[in-house]
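Visitor: okay, sequence plus prediction incoming.
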Amino acid sequence: MDSFHDVRFPTSISFGATGGPERRVEIVALTSGREKRNLRFAHSRRHFDAGTGVRSLADLHEIVAFFEARRGSYHSFRFRDPFDMKSCVPDAAPAPDDQALGTGDGARADFQLVKRYGEGGDAYQRPIRKPVAGTVRVAVDGVERAAPAQFSVDHATGIVTFAPGAVPAPGALVSAGFAFDIAARFDTERIAISLSAFKAGQIPSIPVIEIEP
């Protein structure tokens, strides 16, 4: 993606952001009284207001500089979701058996990082495109593999590639653990700031929206 800047939105500010995932469902009321529901998008989209994370004038200065460097909403960037940023629960450390990526066939070398929500056939499988460098741990049939000798990770796409000689055997379960960011952009063309309002406790609105990288 040409307009993606591989830099992270200030983490200390994003940790104070409010927001979460959004689903788009089209609901049609039938004459029988029943409903027909259609899922408009396969994946959820996260919205945040980072203004709630601003605590000081220094934070405001940092946000303005980041906004200008991204040319407003033109360039996207990495954003740390304060509520969902690991392959495991928030207070645990990623482990190589956190998320199943697929099953080897003896020839397949590439596996997309994913995170599952729910169990069984109702589980939602979310592609993870922006893993954090140095956090990805991979296992095959429960045995952790070593990087970079046995696998590498594309941190722009979230694809794990096994090295020749380390490709998973047929039927072998491939799993991984990781921390991750999302690709996002500003969902506004301007940031309105009033120093008098800020000193009085009124924070600016800084909308950020997830995009498909």
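Guide: Noted; the coordinates are in hand. Residues are numbered from 1 along each chain as shown.
Visitor: in this structure, which helix or strand is least confident?
Guide: Least confident helix or strand of the chain, by mean pLDDT, DSSP states H and E, is helix 195-199 with a mean of 72.
Visitor: for the longest helix belonging to the chain, packing partners?
Guide: Looking across the chain with DSSP state H, the single longest helix is helix 57-69. Applying 3 or more C-beta pairs under 8 Å, 6 or more residues apart in numbering; DSSP states H and E, we find helix 57-69 packed against helix 11-14, helix 195-199. All C-beta atoms are positioned from the backbone trio N, CA, C, and that covers glycine.
Visitor: pick the most deeply packed of those helices.
Guide: helix 11-14 (a mean of 18; mean count of other C-beta atoms under 10 Å).
Visitor: what sits up against the longest strand anywhere in the chain?
Guide: If you go by DSSP state E, the chain has its longest strand at strand 180-186. Applying C-beta atoms under 8 Å, 6 or more residues apart in numbering, the contact partners of strand 180-186 are 1, 4, 8-9, 46, 48, 67, 70, 72-81, 85-87, 113, 115, 128-132, 135, 158, 206-213.
Visitor: next one: stretch 14-23
Guide: Against stretch 14-23 from outside (C-beta under 8 Å, 6+ apart): 39, 41, 44-50, 52-55, 79-83, 208.
Visitor: for the record, mean pLDDT for it?
Guide: Averaged across stretch 14-23, pLDDT comes to 94.
Visitor: what is the end-to-end distance of that stretch?
Guide: Stretch 14-23 has its terminal residues 22 Å apart, counting by C-alpha to C-alpha, to the nearest Å.
Visitor: and stretch 137-148, by the same measure?
Guide: The first and last residues of stretch 137-148 sit 11 Å apart, counting by C-alpha to C-alpha.
Visitor: dump the residue contacts of the residue nearest to residue 14 when sequence neighbours are not counted.
Guide: Nearest non-adjacent residue to residue 14, counting by C-beta to C-beta, 6 or more residues apart in numbering: residue 80, 4.8 Å away. Residue 80 makes contacts with 8, 9, 11, 14, 15, 181, as judged by C-beta under 8 Å, 6+ apart.
Visitor: relative to residue 26, which of these is nearest.
Guide: residue 181 (29.9 Å; C-beta to C-beta).
Visitor: buried residues in stretch 99-111?
Guide: Using 16 or more other C-beta atoms under 10 Å as the test for burial, stretch 99-111 gives 99, 101, 102, 104, 111.
Visitor: what is the nearest of these to residue 187?
Guide: When these are compared against residue 187 (criterion: C-beta to C-beta), the nearest one is residue 99, at 28.8 Å.
Visitor: need the CA coordinates for the helix or strand hosting residue 5. CSV is fine.
Guide: Using DSSP states H and E, residue 5 falls within strand 4-8. Output in CSV follows, covering the C-alpha atoms of strand 4-8 (Å, rounded to 0.1, in the frame of the first residue of the first chain):
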residue,chain,number,x,y,z
PHE,A,4,1.0,3.5,4.3
HIS,A,5,3.6,4.9,6.7
ASP,A,6,5.2,2.1,8.8
VAL,A,7,5.2,4.2,12.0
ARG,A,8,3.0,3.8,15.1
